[in-house]
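Colleague: Coordinates for the following, if possible.
(one chain, ligands or ions: 1)
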Amino acid sequence: MSVVNSPAVADTDQQLRITEIFYSLQGEARTVGLPTVFVRLTGCPLRCVYCDTAYAFTGGDMRTLESITAEVASHSPAYVTVTGGEPLAQPNCLPLLAQLCDAGYEVSLETSGAMSVAQVDPRVVKVLDLKTPASAEMSRNDYGNIDYLTLIDQVKFVICDRADYEWARFKLDEFGLANKVSDVLFSPSHGQLSARELAEWILADNLPVRLQLQLHKLLWNDEPGH
Ligand code: SF4
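Modeller: Just a heads-up that it's a prediction; the model follows:
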């Protein structure tokens, strides 16, 4: 039975289009290096120039929430990350997040920042991107999302060049992000900006941010399924 207009209510008949579910080490964010189950939802309305998950734009399989949560449980994880694509592009992402929290996992959501996070279960750790100028999707940032961030959440900037860095530094200050979330992540765009250069900029400006390298790329060179 479906419950109309209550997207956060769990309903095992509801479905999502899923690209992959896999168990790996968390490659990013505060829980980097910890064993985590990833649920990758299909589809994204954005087209960032550096996107490394274009294989998730289309395809995938329709799965019930019951089948998704059963596969997650088969790995007995402590941590579950819902990602994409842009997971919030599918409304049934909201009940999935609530069900995963109900099951007792520490749940995080990786989102582009282009879609409202207002109805995301408050137990979920939001890892919210702010898209920089060189992403070519800066105009998609929904800055209203910042009002919904709490001290369990994280904000991520993927930085392609010095202009992106300056822009991110400005946004850090404009929104007081260092005091609003647990971590502000500065991640060099893979193949565009060296991590060392970004590290030196952060140190020179004494910024209250965490340099983030993508562990899964170091370990598995971007192969799907990791
Ligand atoms: S929001 Fe993420 S999945 Fe979508 S195009 Fe940008 S990097 Fe790729």
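Colleague: pLDDT score for the residue nearest to Arg162 when sequence neighbours are not counted?
Modeller: Spatially, and ignoring its direct neighbours in sequence, Arg162 is nearest to Trp201 (7.6 Å; Cβ to Cβ, 6 or more residues apart in numbering). Using the backbone N, CA and C atoms, a C-beta is placed for each residue, glycine as well. Per-residue confidence at Trp201 stands at 98 (pLDDT).
Colleague: go on, Val37?
Modeller: 98.
Colleague: The closest residue in space to Pro122 that isn't next to it in sequence: neighbouring residues, count only.
Modeller: Leaving out its chain neighbours, the residue that sits closest to Pro122 by Cβ to Cβ, 6+ apart is Thr150, at 7.3 Å. Using other Cβ atoms under 10 Å, Thr150 has 11 neighbouring residues.
Colleague: ditto for Pro35
Modeller: 14.
Colleague: Go ahead and confirm it touches Tyr79.
Modeller: Yes - Pro35 is within contact range of Tyr79, at 7.0 Å (criterion: Cβ atoms under 8 Å).
Colleague: Find residues that contact each of the two.
Modeller: Gln26 (Cβ atoms under 8 Å, 6 or more residues apart in numbering).
Colleague: Model confidence score at the residue nearest to Pro122, please.
Modeller: 98.
Colleague: Ok, Glu223 next?
Modeller: 74.
Colleague: quick one: secondary structure of it?
Modeller: The three-state label given to Glu223 by DSSP: H, G, I helix; E, B strand; the rest coil is coil.
Colleague: Next: Gly27.
Modeller: Assignment for Gly27 (three-state DSSP): coil.
Colleague: For the residue nearest to it when sequence neighbours are not counted, give its distance to Pro208.
Modeller: Once flanking residues are discounted, Gly27 sits nearest to His216: 3.3 Å by Cβ to Cβ, 6+ apart. Counting by Cβ to Cβ, to the nearest Å, the gap between His216 and Pro208 amounts to 26 Å.
Colleague: between the two, who's got more neighbours?
Modeller: Shown here are His216 and Pro208; by other Cβ under 10 Å, His216 has more neighbours (19 against 12).
Colleague: Checking my notes, the more buried one in a strand, right?
Modeller: No - under the criterion used here (three-state DSSP), His216 is helix, not part of a strand.
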